[in-house]
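# Take this sequence and fold it.
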Amino acid sequence: MYNKDMDIINLADLEGDASEVSVQVSDTDLVLYFPYHPDAVKQIKRIEGAEYQPHDKAWALPVTDENKGQVYDTVAGLREFFEREADKALLRIEYQQDIGEHVIESLKADFDHPDLGLELRGSSILVRFPYDQKSMKAIKKVDERVWDGMEKAWKVPTDADKSLRKALRGIMKQLD
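As a prediction, the model looks like this:
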């Protein structure tokens, strides 16, 4: 942590990659690379002179006496933040895998149709159906759904089963 009473802070201590936050230090700038998250961006924007560099997908921050402490504390905070986010993501994946069998069995029982494919794949459900504009509109309302071009299926997290059920009701109307 930065101490205001110190005349010099060793910004080189920040360099390197830790918990998805990478820092490069020069004589005039700090360049921060981190995954996009709105809370992380808010923290960086609080530092005077912070500028987003779209070509590098990074934030450039001037090394000034006024913001050295903020930069140091912010980087430490970002590293802790992304560690917590990674832990939450792992827990969510474990939860999705734990409920997967139950969810897929329930969906198959409730939405049985020869033209509708439902398959459990890890922490996701693969959904296949014939192309139809109304069906596409329905599946696109499911949060976190992703088209998997290799599988030729929509990939939906197992814990999004409530919104998937709603979409499947709309898709079933088009299949009948």
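# what's the pLDDT at the closest residue to Asp110 other than its chain neighbours?
Sequence neighbours aside, Arg165 is the residue nearest to Asp110 in space, at 7.3 Å (criterion: C-beta to C-beta, 6 or more residues apart in numbering). Placement of C-beta: from N, CA and C, glycine included. The predicted local confidence for Arg165 comes out at a pLDDT of 97.
# cool, and the one 3 residues further on?
Predicted confidence (pLDDT) at Leu168: the value is 97.
# Backbone dihedrals for Ile44, please?
When quoted as degrees, to the nearest 10, the phi and psi of Ile44 stand at phi -70, psi -40.
# can you pull the contacts of it?
Going by C-beta atoms under 8 Å, 6 or more residues apart in numbering, Ile44 touches 32, 50, 59, 61, 74, 78.
# Show the buried residues in these.
Among these, those classed as buried by neighbour count (16 or more other C-beta atoms under 10 Å) are 32, 50, 59, 61, 74, 78.
# Which ones among the residues you listed lie within helices?
Where the buried ones among the contacts of Ile44 overlap with helices, as defined by DSSP state H, the overlap consists of 74, 78.
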